[in-house]
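Engineer: This is a predicted model, with the sequence first.
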Amino acid sequence: MLRLMFSGPLRLEPLSHALLRIGYGLTLATHGWPKLLGRPHGSMADPMAGSVRLIDSVLGLPFAPQVGVFIAVLEGVGGLMLAAGLATRPLAITFAIQMVFICLAMGPTYPWIDRGIEYPIILGLVGVAIAMRGSGPAAIDRMIAARLAR
């Protein structure tokens with residue numbers, strides 16, 4: 001088993017990257033769908049209202065309800081697209097940028113532990129890594145590229 005895992009350069013790297021991309025996308029989707037469906041999420045009874053308050057009160061951005069819907073669609077639909085490997089690079093970098101804004105908005109009040117800032121930091125770094133690497137071989141992006149190359 002060890003010989004199979006470690007023989008040849010980066011033998012398991014495509015699988016590990018696909019698992020990372022899928023897990024990342026599905027994790028983000030679980031944050032978007034409750035907002036879109038008006039369902040509770042974790043300790044938040046109304047995650048969409050919480051997002052809109054954060055966008056309006058903390059970030060001070062205009063059009064907070066519309067930005068909230070954009071974020072919910074980005075997380076819900078974009079997360080599923082990313083998991084499938086569709087529009088991987090633009091979505092991954094968009095998620096990384098979203099995590100920067102979350103860190104800026106919440107940084108002064110987030111602790112390092114107990115649901116703290118380490119989560120958006122690591123999610124942002126994973127987004128950067130996926131954007132840099134691309135979708136990997138097991139992705140819809142690759143199937144589209146192969147079809148266009150014919």
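Structural biologist: That came through, no problem. Numbering: from 1, shown residues only.

Engineer: Going by C-alpha atoms from here, please, whenever you check contacts or count neighbours.
Structural biologist: Fine.

Engineer: quick one: contacts for Pro47?
Structural biologist: Pro34, Lys35, Gly38, Arg39, Pro40, His41 (Cα atoms under 8 Å, 6 or more residues apart in numbering).

Engineer: which element follows the lengthiest helix in the chain toward the C-terminus?
Structural biologist: Taking DSSP state H as the criterion, the chain has its longest helix at helix 13-37. Next along the chain after helix 13-37, taking DSSP states H and E as the criterion, comes helix 47-53.

Engineer: sorry, back to before: possible to save the contacts of Pro47 as TSV with pLDDT, neighbour count and distance to Pro108?
Structural biologist: As requested, the contacts of Pro47 are exported to TSV (pLDDT from 0 to 100; neighbours: other Cα atoms under 10 Å; distance: Cα to Cα, whole Å):
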residue	pLDDT	neighbour count	distance to Pro108
Pro34	94	20	26
Lys35	94	24	25
Gly38	90	13	28
Arg39	88	14	28
Pro40	85	13	26
His41	82	16	23
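
Engineer: Packing partners of the helix or strand containing Leu80?
Structural biologist: Counting by DSSP H and E, the element that carries Leu80 is helix 79-84. Where contact means 3 or more Cα pairs under 8 Å, 6 or more residues apart in numbering; DSSP states H and E, helix 79-84 is packed against helix 13-37, helix 88-106.

Engineer: Quick one: distance of that helix to the chain centre.
Structural biologist: Mean C-alpha position of helix 79-84 versus that of the full chain (Cα atoms, centre = their mean, to the nearest Å) differs by 9 Å.

Engineer: what residues does it touch?
Structural biologist: Residues outside helix 79-84 that contact it (Cα under 8 Å, 6+ apart) are 21-29, 87-88, 91-92, 139-140.

Engineer: let's go with 6 Å and repeat that
Structural biologist: By Cα atoms under 6 Å, 6 or more residues apart in numbering, the residues outside helix 79-84 that reach it are Arg21, Ile22, Gly25, Leu26, Leu28, Ala29, Thr88, Ala139.

Engineer: least confident pick among the residues you listed?
Structural biologist: Lowest pLDDT among the contacts of helix 79-84: Ala139, with 91.

Engineer: Spatially nearest residue to Ala131 (excluding sequence neighbours)?
Structural biologist: The shortest distance from Ala131 to any non-neighbouring residue, by Cα to Cα, 6 or more residues apart in numbering, is to Arg89 (4.4 Å).
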